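Engineer: sequence first, then the predicted structure, then my questions.
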Amino acid sequence: MADRYLPGSMVLVLILLLSSVVASYASAGDADPVYRSCVEICEKTGCVEKTCFKYCKVPVNGASVEGAWFMQEPLYLRWKEWDCKSDCRYHCMVKREADRESLGQKPVKYHGKWPFKRVFGFQEPVSVACSVFNLSLQFHGWLSFLILVYYKLPLRPQNRSTYYDFTGLWNIYGILSMNAWFWSAFFHSRDVELTEKLDYSSAVALVGYSLIVAILRTLNVRDEAARVMVAAPLIAFVTTHILYLNFYELDYGLNMKVCVVMGVTQLLLWAIWAGVTSHPARYKVWTVVFGGGLALLLEIYDFPPIWGYVDAHAVWHATTVPLTYLWWSFIKEDAVSRTAKLMTRSKDKTEPKKAQ
């Protein structure tokens, strides 16, 4: 549901949020009378033509068919299965699309989503695979960054802390990024209310935190008190927004506006910073910024899934893979560059004292 954010975060805004927003509105498929009639009959009978579903509990003479609680499958096993409503919608969609194809008609969306083919129960298998791949790259980038700053680069002799003064910020960024891609994979595998809210919440948290990092890094804010003054109001705002979405109203339009404002703001910050700085890795920032913008065209130029598996959004997920690798490459190069500068300054301060 997204989308998972600019230079790393702008991409994720659009991936994890636009995808979810698109899925929230009614589509031509679910307004089709033939499809709706099929779903209604299926929910009453538990069958679509000759295909019947064990999860559809059809009452007999008004008696309950749920069975005793100890006869039901445990929750940790039931999560992977589809319920009656989902199975009816899916098989009615497949049947209706087969009829449309025989009439030479193009595919249409159902409940905001293209008619995907399930694979081992996964709703959008290619998007799930790309989300997992992005998750693994985020983990690799995060872990290699920590190994770099704590084991390969010199540490301060006084307290064995890193010279790089943004280590903690990027550490949290990596954790939030992995969390966002984790729930993106879940959301694309099973689109239900819980996974939707978790996908939204993790995406918004990452976008908000990415804005904090963008402000602190591009403006080179090193004083702890100043960092708190920047971060505190943004954390309060993002937390309030997440609580609003989860416990009051899942307002898709409001959520998109909030995330786009935060995303565009940090995009501009990084773009301006890359334009005025002499940082050795500034070209990587430009590449990620422009690459994320080009990837957006895939979402604008939406197309139905090829062979029932690969749509524009799935391709978009795939384009974030090299951008993620490049973004972490910039972060690590930034750590090396700043560590060298800070060590030089530290030596310049100590050498006059030794001379005295």
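Structural biologist: Thanks, I have it.

Engineer: just the helices in the stretch 151-300 of the chain please.
Structural biologist: 167-189, 193-218, 224-247, 252-276, 282-300 (DSSP state H, counting those that start in this stretch).

Engineer: surely W316 meets L294?
Structural biologist: No - if you go by Cβ atoms under 8 Å, W316 and L294 don't touch, sitting 10.3 Å apart. Heads up, the C-betas are built off the backbone N, CA and C, glycines and all.

Engineer: which of the two has more neighbours?
Structural biologist: W316 (25 against 9; other Cβ atoms under 10 Å).

Engineer: that one: which element?
Structural biologist: helix 312-355 (DSSP states H and E).

Engineer: show the average pLDDT along that helix.
Structural biologist: For helix 312-355, mean pLDDT rounds to 81.

Engineer: what residues are up against F237?
Structural biologist: G208 (Cβ atoms under 8 Å, 6 or more residues apart in numbering).

Engineer: for W142, same thing?
Structural biologist: Contacts of W142 (Cβ under 8 Å, 6+ apart): 171, 174-175, 177-178, 328.

Engineer: please determine how far R100 is located from S86.
Structural biologist: To S86, R100 is 21 Å away according to Cβ to Cβ, to the nearest Å.

Engineer: er, V276 I mean
Structural biologist: Between V276 and S86 the distance is 52 Å, computed by Cβ to Cβ.

Engineer: same check, this time on P107
Structural biologist: 19 Å.

Engineer: that older thread, now do the helix holding W316 and helix 282-300, the angle between them.
Structural biologist: If you take axes from the mean of the first three to the mean of the last three Cα atoms, to 10 degrees, helix 312-355 sits at 160 degrees to helix 282-300.

Engineer: how about the contacts made by the residue lying closest to Y150 once chain neighbours are set aside?
Structural biologist: What sits nearest to Y150 in space, not counting adjacent residues and going by Cβ to Cβ, 6 or more residues apart in numbering, is T162, at 6.6 Å. Residues in contact with T162, defined by Cβ under 8 Å, 6+ apart, are 149-150, 153, 155-156, 335, 339.

Engineer: same deal with E97?
Structural biologist: Contacts of E97 by Cβ under 8 Å, 6+ apart are 107, 115.

Engineer: which SSE is it in?
Structural biologist: Counting by DSSP H and E, E97 is part of helix 84-102.

Engineer: buried residues in whichever helix or strand comes after that helix, which are they?
Structural biologist: Using DSSP H and E, the helix or strand that directly follows helix 84-102 along the chain is helix 125-147. In terms of neighbour count (16 or more other Cβ atoms under 10 Å), helix 125-147 has its buried residues at 125-135, 137-139, 141-142, 145.

Engineer: report the distance from helix 125-147 to the chain centre.
Structural biologist: 11 Å (Cα atoms, centre = their mean, to the nearest Å).

Engineer: how near is the closest residue to Y301 other than its chain neighbours to L297?
Structural biologist: Excluding the flanking residues, the one nearest Y301 by Cβ to Cβ, 6+ apart is A312, at 6.3 Å. According to Cβ to Cβ, A312 and L297 sit 9 Å apart.

Engineer: show me the contacts for M93.
Structural biologist: By Cβ under 8 Å, 6+ apart, the residues touching M93 are 29, 35, 110, 115.

Engineer: tell me what the third one is bridged to.
Structural biologist: Taking DSSP bridges, one finds K113 as the beta-bridge partners of Y110.

Engineer: now do the contacts for it.
Structural biologist: Neighbouring residues of Y110 by Cβ under 8 Å, 6+ apart: 27, 29-30, 35, 89, 93.

Engineer: could you do the last one as well?
Structural biologist: Listed by Cβ under 8 Å, 6+ apart, the contact partners of P115 are 29, 93-94, 97, 107-109, 304-305, 308.

Engineer: just the buried ones from the residues you listed?
Structural biologist: Of the contacts of P115, these count as buried by 16+ other Cβ under 10 Å: 29, 93-94, 97, 107-109, 304-305, 308.

Engineer: of those residues, closest to V48?
Structural biologist: Closest to V48 out of those is V94 (8.5 Å), distances taken as Cβ to Cβ.

Engineer: give me the nearest residue to the closest one, chain neighbours excluded.
Structural biologist: Once flanking residues are discounted, V94 sits nearest to P115: 7.2 Å by Cβ to Cβ, 6+ apart.

Engineer: cool, V285 as well?
Structural biologist: Ranked by Cβ to Cβ, 6+ apart and with sequence neighbours excluded, the top spatial neighbour of V285 is A274, at 4.1 Å.
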